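Asks: mind looking at a prediction? Sequence and model below.
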Amino acid sequence: MIAQSRRDVLMSAAASAAVLSLPTSAKAAGDALTTQTKYVESKGRRLAYRSVGAGKPLVLCNRFRGVLDLWDPAFIDGVAAQGFQVITFDYSGLGLSTGEKSYNPMSLAQDAVDLIEGLKLEDFAIGGWSIGGITAQIVLAMTGDKASHVVLLATTPPGQLVKSGEQLFYDTAAKPGTDLDQFTTVFFEPDDAGSREASRRSFERMMARKQDRSPDVPADWAISQIGNTPRNPLFPAEQILDLLRVTKTPILHIGGDHDIVMPIENWYALNNQLPTLQLITYPRAGHGPHHQYPEMAAVQIAAFVQNTRKA
């Protein structure tokens, strides 16, 4: 349980939020396309999750409108091959999970904490993509010293931004369904032929699973939760930013050089302020850098966890 003072800090942050030794030879228990969906019962709702690989647990919180099947299997399997148990899940009320749906970051973080507790995970790392990266930062605060590492994928830091997102994201994200053009616009660099091809391959991998798929998040409901224009700050939680300034937990952020919703420039503006933060930026990439470079991202995440520890 977190201390009352920490709880007060988190509740204040949530209220102000705008939205939102590892053996490489470990054998994977299935892969991302075939692993069975499982469930944890907690607090009157059922959280759907999948687990791939064996080793140190890495719990990954999903993006806006993300569900279990919208992680690239090449990325999940790549991380698992590095000696991790990779755990993905659907937030309450979304995908295959039951309960009340919400994009309040505190609610999403509580889902992650309840899953971690339900699975009795120890010495775990927490990660997240986009709004899931906001979630992971709050989970770090909620769990204190329990999370050994934080892995952030194309997300935003707390506080005022030096660069806001683009209207293009909000217009594109509001469209129902999931198609290749939408996927490319949001998560890749449409002006680059190599990025467009990487998008096509990633999209095909995501769609390869035919059974036990997690339903899409309704677009109209989702966009109503975050608004339809860019905001600054996007994650107005100064208390979380203060935590990042003093935490001893190693933090890695992997981003693309043209992220239309959570620009990488906002992390570089915090250079020399966040003592445990490491930044990796992929060229000609967008809001899904780990989908464009799944194998490289997996290797770099493993190297980060293997070679850093709390001071």
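Replies: Right, received. Where do you want to start? Numbers count the residues shown, from 1 in each chain.

Asks: make it CA atoms for all contacts and neighbour counts henceforth
Replies: Noted.

Asks: got the CA coordinates for stretch 82-97 in PDB?
Replies: What follows is the C-alpha trace of stretch 82-97 in PDB, where atoms were taken according to Å, rounded to 0.1, in the frame of the first residue of the first chain:
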ATOM      1  CA  GLN A  82      15.700 -11.500 -24.600                       C
ATOM      2  CA  GLY A  83      14.700 -13.200 -21.400                       C
ATOM      3  CA  PHE A  84      11.500 -11.500 -20.300                       C
ATOM      4  CA  GLN A  85       8.000 -12.500 -19.400                       C
ATOM      5  CA  VAL A  86       6.100  -9.900 -21.400                       C
ATOM      6  CA  ILE A  87       2.700  -9.200 -20.000                       C
ATOM      7  CA  THR A  88       0.100  -7.200 -22.000                       C
ATOM      8  CA  PHE A  89      -3.500  -6.500 -20.900                       C
ATOM      9  CA  ASP A  90      -6.700  -4.700 -21.700                       C
ATOM     10  CA  TYR A  91      -7.800  -1.800 -19.500                       C
ATOM     11  CA  SER A  92     -11.100  -2.100 -17.600                       C
ATOM     12  CA  GLY A  93     -14.100  -2.100 -19.800                       C
ATOM     13  CA  LEU A  94     -12.000  -2.200 -23.000                       C
ATOM     14  CA  GLY A  95     -11.200  -5.100 -25.300                       C
ATOM     15  CA  LEU A  96     -11.800  -8.400 -23.400                       C
ATOM     16  CA  SER A  97     -11.700  -6.900 -19.900                       C
END
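
Asks: that stretch - what's its average pLDDT?
Replies: Summarised as a single mean, pLDDT over stretch 82-97 is 98.

Asks: now swap in stretch 159-167 and tell me
Replies: The average pLDDT within stretch 159-167 is 98.

Asks: just the CA coordinates of that stretch, formatted as CSV?
Replies: Coordinates of each C-alpha in stretch 159-167 appear next as CSV, following Å, rounded to 0.1, in the frame of the first residue of the first chain:
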residue,chain,number,x,y,z
GLY,A,159,4.2,19.3,-17.2
GLN,A,160,4.4,22.1,-19.7
LEU,A,161,5.6,21.1,-23.2
VAL,A,162,8.0,22.9,-25.5
LYS,A,163,6.2,21.3,-28.4
SER,A,164,2.6,20.3,-28.7
GLY,A,165,1.1,17.5,-30.7
GLU,A,166,-0.4,18.1,-34.2
GLN,A,167,-4.1,18.4,-35.1
